[in-house]
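S.K.: 3D model of this:
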Amino acid sequence: MEDIYWNNKEEMLKFVQQDEGNIRFVSKELRNDKDVVMPAVRNNGMALGYASENLRNNKDVVLTALQQNGNALKFASEQLRNDKEVVMTAVHQAGTALQFAPEKLRNDKEVVLQAIKNNGWTLQFASKDLCDDKEVILAAIQQDGEILKYASERLANDRDVVMVAIQQSGYNLTYASEKLRNDKDIVMTAIQKNALALRYASKELRNNKDIVMAAIQQTGLALESASDELCNDKDIVIHAVHQAGTALMYASKELRDNKEIVLVALQESPDAFCYTSPRLQQDPDIRKAAGMKPDINREQEKPDIDTVLGDAKKWCQEHNDAPTVQPQHNIER
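M.R.: Below you'll find the predicted structure:
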C-alpha cells in the first residue's frame, strides 16, 4: 500500500480497532496520535511499545496500557516509571512489572507488597533492604515457600520464616541457614512433609537415628541421605527395605550380604536382587525369594585328577578280581 494509506487517520483507526497489533504498520506520524494509539493500548497494553516517545510519556495513555498489561511499564518513559501512581497501577495488574520500576520504587514497601500480593515471586525484583523485611518475606513465602531463596541471610535464619516455608514443602529446607538445618524440630517438620528432604539436613542430623527413622518410615529410599554409620545399622536398614525393597542399594556392603535383610527386601521388591551381594545372589533361598530359577548354569565342582584316577583304579580292581575270560584291565597315570 502507498504511504498515504498508512497515514490516513480514518483508515488506520479502523485498521487498529480490528487488531491492535496493526499499530506497528501505521505511520510514524499516526503513532504519535492519541486517538489512534488509545484503542490499541486499551486492547493490548504492550502496543505501547509502538507508540511515539511523546505518547509513552503521556500519563493517560500509559495508565490505559498498564490497566490492560502491567508489564507495558517497560515501554513507559523514565519520568513515568518514576511516578508511584503509575508503578502501583502496573504491579496491581502484573506483579512482575516491578522489574521495570526504578530502584527507589523497588525499595518502596507499599509498591513491593502490592506486587507480591499479585505474584509472590516478584520478591526477586525487590530491593536488598526489603528482602530483609520480615513482613515482606512472609507475604511472599505464604504464596510459595520456595521464595525463601530470595530472603536475606538473617531471615533465612529466622525460625518463624523458615517454618512457614517448610510447612509448604520440606524441600525448602535447602534455603534455610546452616544453623536451622541442624535444628531437630525444623528438620523433623521438613521430613514429615517430604521425607527426601533429609538430604538437606546437617551431617549431624543425618546421623540422628530418630530423624532418619522418621524419614525412612515414609519412604525407605530416604536411606540414601543417611550417614554411613546408619546405613550400616541393621535396625535402620531393615525398616528401610521393608518400606522400599530397592533401598537395599543404599545399605552398607556388609548388610547387603546379610541374608535376613535381603529376604525382607526381596519380599517387598524382587528388584532388590540387583543390589544383593554376589555371594547371596547364588543362594538358593535368595534366588527363590526373587522369583528366579536355580542357577543351572553354575558349573558344578569338578573332581581333581587324583580322585578320578582313584575311582578308575578301584573300578579296575573290582573287575580284575572277578572271574572272566576277558583280558585283565590295567590303568596307569
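S.K.: hey, let's count contacts and neighbours off CA atoms from now on
M.R.: Fine.
S.K.: chain center to stretch 283-291, what's the gap?
M.R.: Between the mean C-alpha location of stretch 283-291 and the chain-wide mean there is a distance of 37 Å, by CA atoms, centre = their mean, to the nearest Å.
S.K.: Residue 265 versus the residue lying closest to residue 243 once chain neighbours are set aside, what's the distance?
M.R.: With CA to CA, 6 or more residues apart in numbering as the measure, residue 220 is the residue that lies nearest to residue 243, at 5.2 Å, once sequence neighbours are left out. Residue 220 sits 10 Å away from residue 265, going by CA to CA, to the nearest Å.
S.K.: again, but for residue 194
M.R.: In terms of CA to CA, residue 194 sits 23 Å off from residue 265.
S.K.: more crowded one of the two?
M.R.: Between residue 194 and residue 265, residue 265 has the larger neighbour count (other CA atoms under 10 Å), namely 31 against 21.
S.K.: residues touching the closest residue to that one other than its chain neighbours, list them.
M.R.: With CA to CA, 6+ apart as the measure, residue 245 is the residue that lies nearest to residue 265, at 4.0 Å, once sequence neighbours are left out. Counting by CA atoms under 8 Å, 6 or more residues apart in numbering, residue 245 makes contact with 220, 264-272.
S.K.: now do 10 Å
M.R.: Taking CA atoms under 10 Å, 6 or more residues apart in numbering as the criterion, residue 245 is in contact with 220-221, 237-239, 261-273, 275.
S.K.: go on, residue 185?
M.R.: With the criterion set at CA under 10 Å, 6+ apart, residue 185 makes contact with 163, 211.
S.K.: Residue 272 now?
M.R.: Each residue near residue 272 by CA under 10 Å, 6+ apart is listed here: 241, 244-249, 256, 262-266, 290.
S.K.: Let me know the distance separating the nearest residue to it once chain neighbours are set aside from residue 201.
M.R.: Ranked by CA to CA, 6+ apart and with sequence neighbours excluded, the top spatial neighbour of residue 272 is residue 246, at 4.7 Å. Computed as CA to CA, the residue 246 to residue 201 distance reads 23 Å.
S.K.: swap in residue 274?
M.R.: When distance is defined by CA to CA, residue 274 is 29 Å away from residue 201.
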